[in-house]
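Peer 1: Coordinates for the following, if possible.
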Amino acid sequence: MDDRPTRDILDATYLALCEHGFADLTVQDIAAHTETSKATIHYHYDSKRDLFVAFLADLYEGYTDHMDGVTRESPREELFALVEASLEEGDDVPGVDFRTAMLEIKAQSPYDDAFRERLREFDDYLFERIRSVVAAGIEAGEFDDDVDPDRVAEFLTTTISGAHTRRVAVDHSLDRLRETLIEYVERNLVADETAEVSA
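Peer 2: Below is the predicted model of the structure:
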């Protein structure tokens with residue numbers, strides 16, 4: 001089966017979401033960003049909700065592909081890179097309009113199991129990625145033996161998620177937090193001998 005129509009619809013959904021936000025978005029708004037008709041969109045997706053469940057799945061695939069590419073030679077450097085990638089801003093990164101729309105979707109998740117499950121996948125991925133890198137760092141002697149990978153992953157995942165909400169809600173830059181989290185890793189995770197070598 002040719003998936004071109006669904007690819008076009010998902011791409012159009014992204015554009016329409018940035019322009020209109022989630023709450024006011026209609027299927028007609030999405031159709032306006034593609035040559036596909038409203039009827040064709042309804043042929044592929046029974047409702048706006050079904051379309052957004054598919055959209056979140058597609059977004060998750062792109063997110064994990066991008067984050068899977070964030071690798072470094074040492075766990076310490078990889079953790080720094082993960083923090084940077086999770087908080088990056090710029091022309092190649094979804095802007096505030098998109099993040100605002102995503103925040104609207106997140107606000108619906110307590111009332112929609114499918115949205116919540118899709119969003120939990122993003123959270124679980126980042127948590128597990130950080131946890132495994134920290135565990136590898138302990139094994140390699142780069143991080144202190146008394147560091148708890150689960151607690152570090154919980155802290156960093158929650159902080160990164162909150163930072164995105166704060167960026168949208170009060171237009172707070174992510175730059176300073178990036179620096180703060182790198183400092184946190186250096187001061188609280190890095191083994192003394194590793195810190196001395198890098199100094």
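
Peer 1: hey, let's count contacts and neighbours off CA atoms from now on
Peer 2: Fine.

Peer 1: buried ones in the lengthiest helix in the chain?
Peer 2: Ordering each helix of the chain by length in residues (DSSP state H) puts helix 113-139 first. Using 16 or more other C-alpha atoms under 10 Å as the test for burial, helix 113-139 gives 114-116, 118-119, 122-123, 125-138.

Peer 1: And stretch 38-45, by the same measure?
Peer 2: So for stretch 38-45, counting by 16+ other C-alpha under 10 Å, buried means 38, 41, 45.

Peer 1: how about the helices in this protein?
Peer 2: Using DSSP H, the helices found in the chain span residues 4-20, 27-31, 38-44, 48-68, 75-86, 96-108, 113-139, 149-170, 175-188, 192-198.

Peer 1: Determine which of the ones you listed shows the lowest mean per-residue pLDDT.
Peer 2: Of all those, mean pLDDT reaches its minimum on helix 192-198 (a mean of 55).

Peer 1: measure residue 35 to residue 41 for me?
Peer 2: Distance of residue 35 to residue 41, computed by C-alpha to C-alpha, to the nearest Å: 11 Å.

Peer 1: How about residue 25?
Peer 2: From residue 25 over to residue 41 (counting by C-alpha to C-alpha), the distance is 14 Å.

Peer 1: How is this structure partitioned into domains?
Peer 2: The chain breaks down into these domains under automatic domain parsing: 1-45, 48-198.

Peer 1: Could you tell me how many residues sit around residue 147?
Peer 2: Using other C-alpha atoms under 10 Å, residue 147 has 17 neighbouring residues.

Peer 1: nope, residue 110 is what I meant
Peer 2: So residue 110, with other C-alpha under 10 Å, has 11 neighbours.

Peer 1: quick one: contacts for it?
Peer 2: The contact partners of residue 110, taken as C-alpha atoms under 8 Å, 6 or more residues apart in numbering, are residue 116.

Peer 1: What's the per-residue pLDDT of it here?
Peer 2: We have a pLDDT of 91 for residue 110.

Peer 1: again, but for residue 3
Peer 2: Looking at residue 3, its pLDDT stands at 70.

Peer 1: That one and residue 44, how far apart?
Peer 2: 10 Å.

Peer 1: what sits against residue 9?
Peer 2: Residue 9 makes contact with 30, 31, 34, 36, 41, according to C-alpha under 8 Å, 6+ apart.

Peer 1: Tabulate those (CSV), appending distance to residue 53.
Peer 2: Below are these laid out as CSV (distance: C-alpha to C-alpha, whole Å):
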residue, distance to residue 53
30, 15
31, 17
34, 19
36, 19
41, 14
